[in-house]
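K.L.:
quick one: sequence plus predicted model below, questions after.
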Amino acid sequence: MNINFSGYNENVVTFAVDDNSTVLMGTPVLMKDSQTVAACNENDNMIGVAVNVRNGYAAVQLTGYIEMPTSDSSIEVGYQTLAVGENGEVKTSQSGREYLVVYTADGIVGFIL
């Protein structure tokens, strides 16, 4: 039996994208200015993940289940403190935010935003 968390409590909001930032689909983002997001840098705390980007706007998933790449093999299931790592991956962090990790395998971590 396959288990799928997609669709759980998803909440997507549209923001403008900062002109000096490269935000692509799958990019973790942070608030940059009023109503504007930018791509996260290493060790930033994300507000969510861009699920669509077009014409200077990004649809950002703020809640729900998301899967992201990771090279941090220390991430375990359960509540973990995560932040953005190199190249937009997620990693464990002392100063990040706490998320419920429900899946880890093959360089992918699935968690509830």
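P.N.:
Thanks, I have the structure now. It should be emphasised that the depicted structure is a prediction, and the values quoted were computed from it without experimental measurement.

K.L.:
residue contacts, residue 103?
P.N.:
5, 67, 77, 109, 110, 111 (CB atoms under 8 Å, 6 or more residues apart in numbering). (Glycine included, C-beta is placed from N, CA and C.)

K.L.:
gap between the helix or strand containing residue 98 and the chain center?
P.N.:
Assigning secondary structure by DSSP states H and E places residue 98 in strand 97-105. Centre-to-centre, strand 97-105 and its host chain are 11 Å apart (CA atoms, centre = their mean, to the nearest Å).

K.L.:
please spell out which residues along it are buried.
P.N.:
By 16 or more other CB atoms under 10 Å, the buried positions in strand 97-105 come out as 99, 101, 102, 104.

K.L.:
next: stretch 45-63.
P.N.:
Buried residues in stretch 45-63 (16+ other CB under 10 Å): 46-51, 53, 57-62.

K.L.:
could I get the residues you listed as JSON lines with pLDDT and distance to residue 11?
P.N.:
Below are those laid out as JSON lines (pLDDT from 0 to 100; distance: CB to CB, whole Å):
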{"residue": "46", "pLDDT": "95", "distance to residue 11": "14"}
{"residue": "47", "pLDDT": "96", "distance to residue 11": "11"}
{"residue": "48", "pLDDT": "96", "distance to residue 11": "8"}
{"residue": "49", "pLDDT": "97", "distance to residue 11": "12"}
{"residue": "50", "pLDDT": "97", "distance to residue 11": "14"}
{"residue": "51", "pLDDT": "96", "distance to residue 11": "11"}
{"residue": "53", "pLDDT": "96", "distance to residue 11": "17"}
{"residue": "57", "pLDDT": "97", "distance to residue 11": "17"}
{"residue": "58", "pLDDT": "97", "distance to residue 11": "14"}
{"residue": "59", "pLDDT": "97", "distance to residue 11": "11"}
{"residue": "60", "pLDDT": "97", "distance to residue 11": "9"}
{"residue": "61", "pLDDT": "97", "distance to residue 11": "7"}
{"residue": "62", "pLDDT": "97", "distance to residue 11": "5"}
